[in-house]
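Peer 1: I need the structure of the sequence given here:
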Amino acid sequence: MASESKPIKYTRVTIAKFEWHYLKIRLYLDPPTQPLSLIHSSTLRTLITRALTEAFGVVRSGIHVDVLDWPNDDFIPDSSRINTSDSFIKPEKREPNVGIIRVPREDLTTLWGALTLFNTKLEIAHGVKKDLRFDVLHNSPFLIALVADSRSWTRNLLTTG
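Peer 2: So this is what the prediction gives:
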């Protein structure tokens with residue numbers, strides 16, 4: 001006698017509230033010069049904290065911000081552990097002074113406002129100062145949305161294949 005199998009019940013899980021939000025930001029110099037190779041992720045964090053302090057005071061400058069990607073860091077991975085031929089973002093194709101930061105979802109508007117309002121002078125050489133400002137290029141609750149763009153991904157596949 002064949003046993004009757006019960007139908008499989010599927011459930012859908014939707015995450016409505018995301019814990020983190022990701023921002024793709026750029027540092028601009030006015031007038032434009034060479035890429036800001038002197039600005040590393042630690043300096044970027046200091047500039048972000050300064051922007052928060054100037055816009056909202058000391059209390060709101062304590063927002064948790066993680067710098068996930070910044071092209072000007074001195075970190076060089078061990079080539080024996082990483083196969084660089086398979087990497088998706090080639091070093092020569094990276095945009096200069098464009099990075100990705102992570103912030104708690106509830107602090108997104110505060111950080112975005114502080115970065116948009118921030119404008120300061122940066123001393124490039126002895127006595128040479130230039131205007132420095134932030135620009136928010138993209139934002140998403142998903143990191144992959146900032147790292148890979150479907151249009152450029154398809155274009156890269158067509159040109160390399």
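
Peer 1: what segments of this protein are helices?
Peer 2: Taking DSSP state H as the criterion, the chain contains helices spanning 41-60, 108-117, 143-147, 150-160.

Peer 1: can you list these in a markdown table and add distance to Ile25?
Peer 2: Heads up, the C-betas are built off the backbone N, CA and C, glycines and all. Compiled in a markdown table, those are given as follows (distance: least, CB to CB, whole Å):
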| stretch | distance to Ile25 |
| --- | --- |
| helix 41-60 | 9 |
| helix 108-117 | 7 |
| helix 143-147 | 10 |
| helix 150-160 | 18 |
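
Peer 1: burial-wise, tell me which of those helices comes out on top.
Peer 2: Comparing the helices of the chain by mean neighbour count (mean count of other CB atoms under 10 Å), helix 108-117 comes out on top with a mean of 17.

Peer 1: could you export that one as CSV, CA atoms only?
Peer 2: Provided in CSV are the C-alpha atoms of helix 108-117 (Å, rounded to 0.1, in the frame of the first residue of the first chain):
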residue,chain,number,x,y,z
LEU,A,108,21.6,57.2,7.7
THR,A,109,19.9,60.6,7.3
THR,A,110,22.2,62.2,10.0
LEU,A,111,25.4,61.0,8.3
TRP,A,112,24.1,61.8,4.8
GLY,A,113,23.2,65.4,5.9
ALA,A,114,26.6,65.9,7.6
LEU,A,115,28.5,64.7,4.6
THR,A,116,26.5,66.9,2.2
LEU,A,117,27.0,70.0,4.4
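
Peer 1: which other helices and strands does it contact?
Peer 2: Here helix 108-117 touches strand 20-30, helix 41-60, strand 128-140, going by 3 or more CB pairs under 8 Å, 6 or more residues apart in numbering; DSSP states H and E.

Peer 1: same thing but at 7 Å, please
Peer 2: Packing partners of helix 108-117 (3 or more CB pairs under 7 Å, 6 or more residues apart in numbering; DSSP states H and E): helix 41-60, strand 128-140.

Peer 1: may I see the ones you listed arranged in a markdown table, with mean pLDDT and distance to Ile15 as well?
Peer 2: Formatted as a markdown table, the helices and strands packed on helix 108-117 follow (pLDDT from 0 to 100; distance: least, CB to CB, whole Å):
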| stretch | mean pLDDT | distance to Ile15 |
| --- | --- | --- |
| helix 41-60 | 92 | 27 |
| strand 128-140 | 89 | 14 |
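
Peer 1: buried set for stretch 62-74?
Peer 2: Using 16 or more other CB atoms under 10 Å as the test for burial, stretch 62-74 gives Ile63, Val65, Val67, Asp69, Trp70, Pro71, Asn72.
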